[in-house]
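Peer 1: how does the following fold in three dimensions:
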Amino acid sequence: MKRNRRNSLSALFLLVVAVFVGGCSQETPEILTNGTLRLSIGHVAQKVESRATPSQLGKPLAEMFNLKIQRSGSQTCCYDGKFVEELSVNVGTYDITAYYGENVILGKDAPYYEGVATALIEEGVSTSVSIPCRVANALVSVSFGRNEEERARFDKFYANYGLMVRIANHSLAITNEDKGASIYFPAGSSPTLVFFGTLRENGEVVSCEMTSDAIPEVFAAADHAIITLTLPDPESA
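Peer 2: Numbers count the residues shown, from 1 in each chain. Here you go, the predicted structure:
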């Protein structure tokens, strides 16, 4: 690993864990008349403090969600499609999943929402179910410096720089050009975080893996790691 001997790079990590309120086979729909299922999307929890996180990207509307409805204990769907407010279904117990977005391996500004609920349908009864949804993947964002002076120091010493997020053979970076972005990945992942940059002085490319006990070994749903990097000025040492 190459490192700049003149400049000393230190990393200060702050982990913020925020709780956001982050397949089955489908057969030809039956004509169902025994009960009515009325559906709504409950409050979509989201609370984070960075641009390109769910609170900044906006709360998805109910009609943007998809639904999977299947009998409990069965893999056969009675509905798999766009969100609807009302369905006629046979008497029985149903597992309902609502989701929005794609749970990608790595994606920039790509929250994935999911919620589950169970409904008991009785003959001739209209059953209302609100499906509470939340961000179901995890994310990393980065701040290059704690203030304007520190941020200017990165631009002084590096022609370009960023934080690389790696999972297995996949990688995606937040660079100085899009430093307000966040990178999302599935819950249960263990990403590797690497700072990289090109020195203005000689064009040398340097990199350094970011490690900290504050970063979870395995990210849970809605975990949000905010990485804050500081770069001391060697000229003031």
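
Peer 1: next structured bit after the longest helix anywhere in the chain?
Peer 2: With DSSP state H setting the assignment, residue counts place helix 148-157 as the longest helix in the chain. Of the helices and strands lying after helix 148-157 in sequence (DSSP states H and E), the nearest is strand 158-167.

Peer 1: burial of Asn223, as a residue count?
Peer 2: If you look again at residue 223, you'll see it is Asp, not Asn. Asp223 is surrounded by 22 other residues when neighbours are defined as other C-beta atoms under 10 Å. Quick note: C-beta positions are derived from backbone N, CA and C, even for glycine.

Peer 1: follow-up on the earlier one: buried sites along the longest helix of the chain?
Peer 2: For helix 148-157, the neighbour count (16 or more other C-beta atoms under 10 Å) marks 150-151, 153-154, 157 as buried.

Peer 1: now it against strand 158-167, angle please.
Peer 2: Helix 148-157 and strand 158-167 are oriented at 100 degrees to each other (axes from the mean of the first three to the mean of the last three C-alpha atoms, to 10 degrees).

Peer 1: same question for helix 148-157, mean pLDDT?
Peer 2: The average of the pLDDT scores along helix 148-157 is 92.

Peer 1: tell me what that helix is packed against?
Peer 2: Helices and strands touching helix 148-157, as assessed by 3 or more C-beta pairs under 8 Å, 6 or more residues apart in numbering; DSSP states H and E, comprise strand 137-144, strand 192-199.

Peer 1: check the offset of it from the chain's centre.
Peer 2: In terms of C-alpha atoms, centre = their mean, to the nearest Å, the centre of helix 148-157 is found 28 Å from the chain centre.
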